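**Q** let me see the structure of the following:
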Amino acid sequence: MNKLQQKKTERRNKIRRRIRSTIKGTAERPRLSIYKSSKYTYLQLIDDMAGATLVSSKAKSGVENAKEAGAELAKLAQDKGINKVVFDRSGYKYHGIVKAAADGARDGGLDF
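**A** Predicted coordinates:
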C-alpha cells in the first residue's frame with residue numbers, strides 16, 4: 001500500500017471510529033452499515049447490543065448495483081419486521097455508491 005492510500009485509509013478509519021462512538025444499533029432500530037471493496041458493496045443490519053448481523057446484502061461495485069442492494073436489504077428487513085434503522089456510512093463520503101445504497105433502502109421502505 002503506498003503512502004497516499006495508507007493516509008486515506010487511516011483518515012477513513014478515524015472518521016469511522018468517531019461515527020461509531022455515537023451510533024449504536026438495537027434490535028428495534030439496527031445499524032445499517034456499508035462497506036465498499038474494489039469489487040463489491042456490502043450492506044448489513046447489525047444489532048450492536050447482541051453483536052449479531054440481522055440481515056445482509058451484497059452487490060457488485062457500482063452505483064446502480066448499490067441501489068439494487070439497498071432495495072433488496074430493505075425487502076429482507078421488512079420480512080423480519082424491521083422498518084427503522086440508523087445509517088452508518090463507515091467514514092465514506094455521502095455520495096456515489098453510499099448515497100445510492102441509502103436511496104435504495106429508503107425507496108424499499110426503510111426509515112432513517
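**Q** would you mind measuring from the nearest residue to Gly62 once chain neighbours are set aside to Ala50?
**A** Spatial nearest neighbour of Gly62, chain neighbours left out: Ile97 (7.2 Å); criterion: C-beta to C-beta, 6 or more residues apart in numbering. Using the backbone N, CA and C atoms, a C-beta is placed for each residue, glycine as well. Note on Ile97: its distance to Ala50, by C-beta to C-beta, to the nearest Å, is 28 Å.
**Q** in terms of neighbours, single out the busier of the two.
**A** Using other C-beta atoms under 10 Å, the more surrounded residue of Ile97 and Ala50 is Ile97, with 21 against 12.
**Q** go ahead and confirm the more buried one touches Val63.
**A** Yes - between Ile97 and Val63 there is a contact under C-beta atoms under 8 Å: 5.8 Å.
**Q** Leu43: what's it in contact with?
**A** Leu32, Ser33, Ile34, Ser56, Ser57, Lys58, Ala59, Ala69, Gly70, Leu73, Ala101, Ala105 (C-beta atoms under 8 Å, 6 or more residues apart in numbering).
**Q** ok, what's across the strand from Thr41?
**A** Note on Thr41: beta-bridge partners by DSSP bridges are Lys36, Ala59.
**Q** wait, it touches Ser61, no?
**A** Yes - between Thr41 and Ser61 there is a contact at 5.9 Å, judged by C-beta under 8 Å.
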